[in-house]
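Novice: the sequence isn't on hand, but the structure is:
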């Protein structure tokens with residue numbers, strides 16, 4: 001390669017490399033839980049990796065997004081303690097805050113507050129990771145407050161109260177389905193008659209179209225797949241799985257599915273010609289995507305002791321297998337289409353202990369997996385067809401929320417610039433993971 005060609009190649013590749021150093025939305029740049037940086041630790045140093053800064057925050061499950069030298073997140077404060085479960089849906093007035101931190105120092109550069117009345121179970125705070133797109137960052141609060149803010153100043157470009165606008169209320173566990181940017185559209189679960197999902201102009205917040213009805217929003221983020229040569233937007237509701245045209249909202253297909261407590265939380269995953277959806281409490285559904293036109297055939301439904309039933313953790317697909325943490329807190333490798341569990345391990349959390357809704361977020365990087373578990377530990381491991389092999393683990397942050405009688409930290413971290421960013425209900429920390 002000539003010197004000129006080498007320079008041109010570097011110029012072409014540079015934007016891609018820089019973009020990969022950010023974590024601008026839930027599950028990363030490509031929304032696939034893959035960290036594409038190199039030059040990272042092979043093992044943790046004595047005493048654990050260095051915490052570069054700690055920033056005070058209030059309550060919330062929302063993970064941070066990192067882009068353009070800023071860390072974006074959200075929090076909730078209230079003088080009223082509704083308790084852990086609040087299944088009675090008692091109400092409490094409080095305040096949600098969306099904010100940005102300096103990526104190098106953790107200093108809060110701007111914040112925007114708004115009053116909100118919580119009516120949800122697990123009322124700790126917002127659930128959804130912000131989305132950074134160009135000069136705007138989008139936040140979705142636990143009670144359906146949707147804001148688009150200028151990334152540099154925090155000035156509000158537009159905002160929308162989804163409950164008020166679409167005549168609905170938050171689902172039991174709040175608005176938790178991370179919105180999706182598709183071209184000029186922001187796609188978000190709304191709820192209400194004919195508005196299970198709405199498409200908004202991402203610059204103005206103006207409604208472009210709305211589609212389908214559902215008993216409630218559900219929690220599974222909208223996701224777009226391609227099958228039969230057609231882009232299909234998948235919607236998971238409490239009583240059906242549907243696909244609509246992501247440009248118009250027109251229905252492409254539907255199939256019945258009863259979700260326990262209305263709870264499908266995971267994003268559906270594609271494995272070859274199959275689409276897998278797992279719901280709370282041992283629910284599972286495997287669909288075969290038809291090849292000639294948009295449609296599906298049911299392959300398996302609620303097959304006992306097969307597949308997985310994820311709660312807080314998004315499973316991933318690699319080499320034709322599904323790897324994920326089940327609602328029992330165990331990590332499984334699952335064969336498709338049979339649903340056979342090739343192996344299981346409770347080691348990522350606490351070996352030998354039962355952990356209902358056990359949580360260990362999985363992020364792949366090169367030939368390894370970084371697992372952040374509900375105990376506040378970061379675990380480095382290899383995961384494959386032959387099993388789970390732990391390399392190292394370290395404690396990073398204290399569990400501060402309560403669930404099932406134990407303390408947990410249920411926050412999806414961000415991985416950017418060879419660092420990890422994660423929060424509990426008291427602080428957001430930046431951890432150096434460079435080699």
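Specialist: That came through, no problem. A quick note: this is a predicted structure, and the numbers were derived from the prediction, not measured.
Novice: how far away is the closest residue to residue 387 other than its chain neighbours from residue 172?
Specialist: Leaving aside its sequence neighbours, residue 387 sits nearest to residue 343 (C-beta to C-beta, 6 or more residues apart in numbering; 5.1 Å). Quick note: C-beta positions are derived from backbone N, CA and C, even for glycine. Between residue 343 and residue 172 the computed distance is 33 Å (C-beta to C-beta, to the nearest Å).
Novice: which one's more surrounded, those two?
Specialist: Looking at residue 343 and residue 172 with other C-beta atoms under 10 Å, you find the greater number of neighbours at residue 172, namely 18 against 15.
Novice: tell me the helix or strand right after the helix or strand hosting residue 100.
Specialist: Here residue 100, judged by DSSP states H and E, is contained in strand 92-102. Beyond strand 92-102 on the C-terminal side, the first helix or strand identified by DSSP H and E is strand 108-118.
Novice: burial measure for the closest residue to residue 153 other than its chain neighbours, as a count.
Specialist: The shortest distance from residue 153 to any residue other than its chain neighbours is 6.2 Å, reached at residue 110 (C-beta to C-beta, 6+ apart). Neighbour count of residue 110, defined by other C-beta under 10 Å: 16.
Novice: contacting residues around residue 110?
Specialist: Contact partners of residue 110, counting by C-beta atoms under 8 Å, 6 or more residues apart in numbering, are 99-100, 153-154.
Novice: scan these and report the most crowded one.
Specialist: Across the contacts of residue 110, the neighbour count under other C-beta under 10 Å reaches its highest value at residue 100, namely 29 neighbours.
Novice: for that one, list each beta-bridge partner.
Specialist: residue 72, residue 110 (DSSP bridges).
Novice: rewinding a little: give the next helix or strand downstream of whatever helix or strand the residue nearest to residue 387 lives in.
Specialist: Take DSSP H and E as the rule and residue 343 turns out to sit in strand 341-345. Using DSSP H and E, the next helix or strand after strand 341-345 towards the C-terminus is strand 360-365.
Novice: state the mean pLDDT of that next one.
Specialist: Confidence over strand 360-365 (mean pLDDT, whole number) is 97.
Novice: packing partners of whatever helix or strand comes next after that strand?
Specialist: Sequence-wise, the next helix or strand downstream of strand 360-365 (DSSP H and E) is strand 368-373. Judged by 3 or more C-beta pairs under 8 Å, 6 or more residues apart in numbering; DSSP states H and E, the packing partners of strand 368-373 are strand 360-365, strand 377-384, strand 419-423.
Novice: quick revisit: quick one: contacts for the residue nearest to residue 387?
Specialist: With contacts taken as C-beta under 8 Å, 6+ apart, residue 343 has the following neighbours: 332-333, 386-388.
Novice: how about a cut-off of 10 Å?
Specialist: For residue 343, the contact set (C-beta atoms under 10 Å, 6 or more residues apart in numbering) comprises 330-334, 383-388.
Novice: can you report how many residues neighbour the closest residue to residue 80 other than its chain neighbours?
Specialist: Among residues not flanking residue 80 along the chain, residue 92 sits closest, at 3.7 Å (C-beta to C-beta, 6+ apart). Counted with other C-beta under 10 Å, residues neighbouring residue 92 total 17.
Novice: ok, residue 282 touching residue 310?
Specialist: No - applying C-beta atoms under 10 Å, one finds residue 282 not in contact with residue 310, separated by 11.2 Å.
Novice: out of the contacts of residue 110, who's nearest residue 123?
Specialist: The nearest member of these to residue 123, counting by C-beta to C-beta, is residue 99 at 19.6 Å.
Novice: how close does that closest one get to residue 112?
Specialist: As judged by C-beta to C-beta, residue 99 and residue 112 stand 7 Å apart.
Novice: where do the contact lists of these two overlap?
Specialist: 74, 139, 149, 154.
Novice: could you check how far the third one is from residue 130?
Specialist: Read it as residue 149. Remark: distance between residue 149 and residue 130 (C-beta to C-beta) = 9 Å.
Novice: over to residue 206?
Specialist: Here the distance between residue 206 and residue 130 works out to 21 Å (C-beta to C-beta).
Novice: who's more crowded, those two?
Specialist: Comparing residue 206 with residue 130 by neighbour count (other C-beta under 10 Å), the higher total belongs to residue 130, at 30 against 11.
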